[in-house]
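Enquirer: Have a look; sequence and predicted model below, questions after that.
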Amino acid sequence: MTVGSRGLGIRLDAYCPVCSNDSVDRGRILALDYGTKNVGLASSDELGITVRPLPSLPNVNRRDLMRRLKTAVRDNAIDSLVVGIPMNMDGSAGAAVQGVQRFIEALRREFGLPLWTVDERLSTVEALEIWRGMSTRRQRRYRTVDSLAAALILERLLRES
């Protein structure tokens, strides 16, 4: 199974740092750090130069999450999506990857936008370090550390594409 721009993209069973042979088309990209409690969001500008974390979304149920994501896509004029894949440190796919794969399939059905995946190993650890250095006011703005992890995922995609 593949995802990506114009049907050319990554195989969900073949993971790599940026899992696509396609170049990333510029336009606003929404990064998603999927979690069972929250989904972190970050977006780029249309040139792929700047990345900004957005408030994370609670992951209460799939219908509510998709409704909120539709709003985020519309409000931020999103052209494509990137989702972090939580690979194990040894590069193998753990149990969490299956949940993300189901989420990716739901995104493909719901949005029909180009979609990339990025290996997100250590993004949460790095995001936690940044989070701890933020003021309480800035932390409240993003709700959770997940949006910082999404920003790191997006930066990785832009850097490696």
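Expert: In hand now; what should we look at? Residues are numbered from 1 along each chain as shown.
Enquirer: residue boundaries of the strands in the protein?
Expert: For the chain, strands defined by DSSP state E occupy the ranges 2-3, 10-11, 29-34, 38-44, 51-58, 80-85, 115-119.
Enquirer: Tell me which residue is most central in the chain.
Expert: Central residue of the chain (CA atoms, centre = their mean): L32, 2.4 Å from the mean position.
Enquirer: now the helices for this protein?
Expert: 62-75, 95-111, 123-132, 136-142, 146-160 (DSSP state H).
Enquirer: what would those look like in TSV with distance to S43 and mean neighbour count?
Expert: In short, each C-beta sits where N, CA and C put it, glycine included. Converted to TSV, those look like this (distance: least, CB to CB, whole Å; neighbours: other CB atoms under 10 Å):
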stretch	distance to S43	mean neighbour count
helix 62-75	8	14
helix 95-111	14	15
helix 123-132	16	16
helix 136-142	13	12
helix 146-160	8	24
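Enquirer: so can I have TSV of these showing mean pLDDT and distance to P55?
Expert: TSV is the format used below for the helices of the chain (pLDDT from 0 to 100; distance: least, CB to CB, whole Å):
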stretch	mean pLDDT	distance to P55
helix 62-75	96	9
helix 95-111	93	19
helix 123-132	85	14
helix 136-142	82	6
helix 146-160	92	7
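Enquirer: S44 against T50, yeah?
Expert: Yes: S44 is in contact with T50 according to CB atoms under 8 Å; the separation is 6.6 Å.
Enquirer: between these two, who's got more neighbours?
Expert: Using other CB atoms under 10 Å, the more surrounded residue of S44 and T50 is S44, with 27 against 11.
Enquirer: Skipping adjacent residues, who's closest to that one in space?
Expert: Distances taken as CB to CB, 6 or more residues apart in numbering put I29 closest to S44, at 4.6 Å, once the chain neighbours are dropped.
Enquirer: Please name the residues that touch the one you found.
Expert: 43-44, 48, 78-82, 154, 157-158 (CB atoms under 8 Å, 6 or more residues apart in numbering).
Enquirer: Return the member of those residues nearest to S123.
Expert: Distance to S123 across these (CB to CB) is lowest for L154, with 10.0 Å.
Enquirer: mind checking pLDDT for the residue nearest to S44?
Expert: We have a pLDDT of 97 for I29.
Enquirer: and the gap between it and S43?
Expert: According to CB to CB, to the nearest Å, I29 and S43 sit 7 Å apart.
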